[in-house]
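> let's see this in three dimensions:
(chains A and B)
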Number of protein chains: 2
Amino acid sequence: MLDALTGPDLTIDHVRDAHARIKPYIHRTPVLTSTYFNELTGAELFFKCENFQKAGAFKVRGASNAVFGLSDEMAEKGVATHSSGNHALSLSYAAGRRGIPCHVVMPRTAPEAKKAAVRGYGGIITECEPSTSSREAVFAEVQAATGAEFVHPYNDPRVIAGQATCSLELLEQAERLDAVIAPIGGGGMISGTCLTLSNLAPHMEIYAAEPDQADDAARSFRAGHIIADDAPVTVADGLKVPLKENTWHFVSHFVTDILTASEQEIIDAMKLTWQRMKIVMEASCAVPMATILRNPDVFRGKRVGVIITGGNVDLDKLPWIKG
Amino acid sequence: MLDALTGPDLTIDHVRDAHARIKPYIHRTPVLTSTYFNELTGAELFFKCENFQKAGAFKVRGASNAVFGLSDEMAEKGVATHSSGNHALSLSYAAGRRGIPCHVVMPRTAPEAKKAAVRGYGGIITECEPSTSSREAVFAEVQAATGAEFVHPYNDPRVIAGQATCSLELLEQAERLDAVIAPIGGGGMISGTCLTLSNLAPHMEIYAAEPDQADDAARSFRAGHIIADDAPVTVADGLKVPLKENTWHFVSHFVTDILTASEQEIIDAMKLTWQRMKIVMEASCAVPMATILRNPDVFRGKRVGVIITGGNVDLDKLPWIKG
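Purely as a prediction, here's the structure:
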């Protein structure tokens, strides 16, 4: 059964199955290029724009694979998660498309805009106190009451197989790539990237990009085991979560290197990308460009896929505007 | 000779010639759709994204047509204009591609960022005092000294034929459209749209969209002659300029209606488009969406092309953020 898999069990067939399963519910997002950034970096960059994805982020790939892979019997009881970010939106969207409930446990202190967004996609919110113990207790209650299937935002193999469909498309859309770079938080996108590329293009380099101020994945990578930080602070708020066993499997086996960037470098790269490419993307998505600019020798002369992971930004609070 | 034409002389062959001439220097910009906006408006909308165009705006079409249509002898002396907006960027870009000088007369009080952008595209700036008399005097001096060819931002038939290539692409990219809507300032884009559609799709409706606070084109349309306002104030700063004889020809003959929107409606539509479509576009580009939302009965049930004209925004000064 798909839900009993672990990371190492995943094969390229799981990715192909996932793509066939989720295709009706996702966009095949465009790949953009920029003369300006090519000249700036000396590399040839291909931006896979998941900010244009349904629900505004790549997370809808994994969430849809989990939701549409459920048996009818399991699906009936719905799905549940305790993310308050893009995974919650994506799972709500996917559940809505299947016509099943999606339960989201969120701290009562979460911004009203985030709650509204989850509700906008049909998610049912149960509030908890802003502490891990309360979140876990409330989540257990919700699951017990509903029997809903838990879908972890990134450690779930169904989710990893779903995220892996992004690189499957990228390989078709941009030929002869030498490398791919994507941001790393919990490692779902990078794991999916590793899963696809290690099977279909094992010569390609895979870089993960992380904030200096939340560099637990980079330190884990060098230490050879998972190091989890407690509540790191960074503008790239999608990248604060730690690796888990299934994503660590891919990171430790297949990633070429993990590069980091400062907060100011991330903000500068974010603003510059908005300015030159005219796209709205999250601070997290700017981390790869920030690391490319910090490490030009690593990328010069290469054809590089850059994964722009999401576009759900609070337009009232842009990090380069002092409020 | 192309530069001796007037608006009424222009034919669809001029548009086809323009397209062949400028193709190597422009992007065939994508057409995006949005489930969200379709549901919100009850129409089927096709967004022609000229914000992704070279130099960040549709104006590069007209500027390139003018620049690459010059004889070698004329080209040698360069081109000149006194716009300080997207036309100056576009003309500088096109001249740079041809390897000829582009002279731009700009008030010395213009924002440093605008001057830097023009210089970034290779434009040569001559500063004037911030008055019409100084601008005209300095421009005459520059022209006398250089012999550069004046390219008006919108009243020039070469420019109109260039802008007309945008609808040529749109007709190929979105089938069976019932209407097109675009913002109107001086009328260059709308005139080009009229030129193409009146020849190739005469059944299609053509709507122009304008701020309430700069509604000189709407009042001209109703009065039957050009009414030019002195220095209107609007957030849609690309739309402040008045119609001229060549654009008036197209507006008065081929436009279905001119609709207007308030400043708040424009800002709301701008922010909503950034939020839902994840694209950076100018306030001017939000005026069509603002008028669609104000006049839902006009568009409901129709397939409508919406021209997003440009993406050159000052990211430090967004109109929904109080600074």
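> report the contact partners of residue A:106.
Taking Cβ atoms under 8 Å, 6 or more residues apart in numbering or on different chains as the criterion, residue A:106 is in contact with A:82, A:84, A:88, A:114, A:115, A:118, A:125, A:126, A:127, A:128. Glycine gets a C-beta too; all of them are placed from N, C-alpha and C.
> in the stretch 1-150 of chain A, which residue sits nearest chain B?
residue A:51 (4.6 Å; Cβ to the nearest Cβ).
> what's the per-residue pLDDT of that residue here?
Looking at residue A:51, its pLDDT is 97.
> what distance do you get for it to residue A:94?
Between residue A:51 and residue A:94 the distance, using Cβ to Cβ, to the nearest Å, works out to 18 Å.
> neighbour-wise, which of those two wins?
residue A:94 (31 against 24; other Cβ atoms under 10 Å in any protein chain shown).
> next up, the contacts around that one.
Listed by Cβ under 8 Å, 6+ apart, the contact set of residue A:94 reads A:25, A:60, A:63, A:64, A:66, A:67, A:68, A:102.
> most neighbours of all the residues you listed, which one?
Ranked by neighbour count under the definition other Cβ under 10 Å, the contacts of residue A:94 are headed by residue A:63 with 37 neighbours.
> quick check on that one: phi, psi?
Per-residue torsions, residue A:63: phi -60, psi -40 (degrees, to the nearest 10).
> does it really touch residue A:87, like I thought?
Yes: counting by Cβ atoms under 8 Å, residue A:63 does reach residue A:87; the two are 6.4 Å apart.
> let me have the contacts of residue A:94 in JSON lines, extended by distance to residue A:248.
Shown next, in JSON lines, are the contacts of residue A:94 (distance: Cβ to Cβ, whole Å):
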{"residue": "A:25", "distance to residue A:248": "29"}
{"residue": "A:60", "distance to residue A:248": "24"}
{"residue": "A:63", "distance to residue A:248": "21"}
{"residue": "A:64", "distance to residue A:248": "24"}
{"residue": "A:66", "distance to residue A:248": "20"}
{"residue": "A:67", "distance to residue A:248": "25"}
{"residue": "A:68", "distance to residue A:248": "27"}
{"residue": "A:102", "distance to residue A:248": "27"}
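> take the residues you listed and write them to TSV, including distance to residue B:199, secondary structure and pLDDT.
Supplementary listing: these in TSV, determined by distance: Cβ to Cβ, whole Å; DSSP: H, G, I helix; E, B strand; the rest coil; pLDDT from 0 to 100:
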residue	distance to residue B:199	secondary structure	pLDDT
A:25	41	helix	97
A:60	43	helix	98
A:63	48	helix	98
A:64	45	helix	98
A:66	52	helix	98
A:67	49	helix	98
A:68	48	helix	98
A:102	51	strand	98
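> with distance to chain B added, can I get these in CSV?
CSV is the format used below for those (distance: Cβ to the nearest Cβ, whole Å):
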residue, distance to chain B
A:25, 12
A:60, 13
A:63, 17
A:64, 15
A:66, 22
A:67, 18
A:68, 19
A:102, 19
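> thinking again about what came up before, who touches both of residue A:63 and residue A:87?
Shared contacts of residue A:63 and residue A:87, defined by Cβ under 8 Å, 6+ apart, comprise residue A:151.
> run through the residues of chain A sitting next to chain B.
Counting by Cβ under 8 Å from any Cβ of the partner chain, the positions of chain A adjacent to chain B are A:30, A:32, A:51-52, A:56, A:271, A:274-275, A:277-281, A:311, A:315-316, A:318, A:320-321, A:323.
> go again with 6 Å.
Applying Cβ under 6 Å from any Cβ of the partner chain, we find that chain A lies next to chain B at A:51, A:52, A:271, A:274, A:275, A:278, A:280, A:311, A:315.
> only the buried subset of the residues you listed, as a ChimeraX command please.
In ChimeraX, the members of the residues of chain A next to chain B classed as buried (16 or more other Cβ atoms under 10 Å in any protein chain shown) are selected with the following command:
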select /A:51,52,271,274,275,278,280,311
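> of the residues of chain A next to chain B, which pair is most distant in space?
With distances taken as Cβ to Cβ, the most widely separated pair in these is A:52 and A:271, at 19.4 Å.
> can you list the low-confidence ranges for chain A?
Filtered on pLDDT under 70, chain A yields the residue ranges A:1-3, A:323.
> quick one, strands of it?
A:31-32, A:44-49, A:79-81, A:102-107, A:124-128, A:149-150, A:179-183, A:205-211, A:257-261, A:303-308 (DSSP state E).
> out of the ones you listed, which gets nearest to residue A:221?
Of all the strands of chain A, strand A:257-261 sits nearest to residue A:221, with 4.8 Å by Cβ to Cβ.
> touching that closest one from outside, list them.
A:207-210, A:212, A:215, A:217-218, A:221, A:287, A:290-291, A:294-295 (Cβ atoms under 6 Å, 6 or more residues apart in numbering or on different chains).
> also stretch A:49-69?
Contact partners of stretch A:49-69, identified using Cβ under 6 Å, 6+ apart, comprise A:2, A:18, A:21-22, A:25-27, A:29-30, A:32, A:79, A:86-87, A:89-91, A:93-95, A:98, A:151, A:158-159, A:161-163, A:165-166, A:189, A:281, A:308-312, B:278.
> can you give me how far that stretch is from the chain middle?
Relative to the chain's own centre, stretch A:49-69 is displaced by 9 Å; criterion: Cα atoms, centre = their mean, to the nearest Å.
> just the CA coordinates of that stretch, formatted as CSV?
As requested, C-alpha coordinates have been extracted for stretch A:49-69 and formatted as CSV (Å, rounded to 0.1, in the frame of the first residue of the first chain):
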residue,chain,number,x,y,z
CYS,A,49,7.4,28.5,-11.9
GLU,A,50,5.4,26.7,-9.2
ASN,A,51,4.3,30.1,-7.9
PHE,A,52,1.8,29.8,-10.8
GLN,A,53,0.7,26.4,-9.5
LYS,A,54,-2.9,25.7,-8.2
ALA,A,55,-3.2,27.0,-4.7
GLY,A,56,0.0,29.0,-5.3
ALA,A,57,2.7,26.4,-4.6
PHE,A,58,4.3,23.1,-5.6
LYS,A,59,2.8,21.5,-2.4
VAL,A,60,-0.4,20.8,-4.3
ARG,A,61,1.4,18.1,-6.2
GLY,A,62,2.2,16.1,-3.1
ALA,A,63,-1.2,16.9,-1.4
SER,A,64,-3.1,15.8,-4.5
ASN,A,65,-1.1,12.6,-4.8
ALA,A,66,-2.0,11.7,-1.2
VAL,A,67,-5.7,12.7,-1.5
PHE,A,68,-6.3,11.0,-4.9
GLY,A,69,-4.3,7.9,-3.9
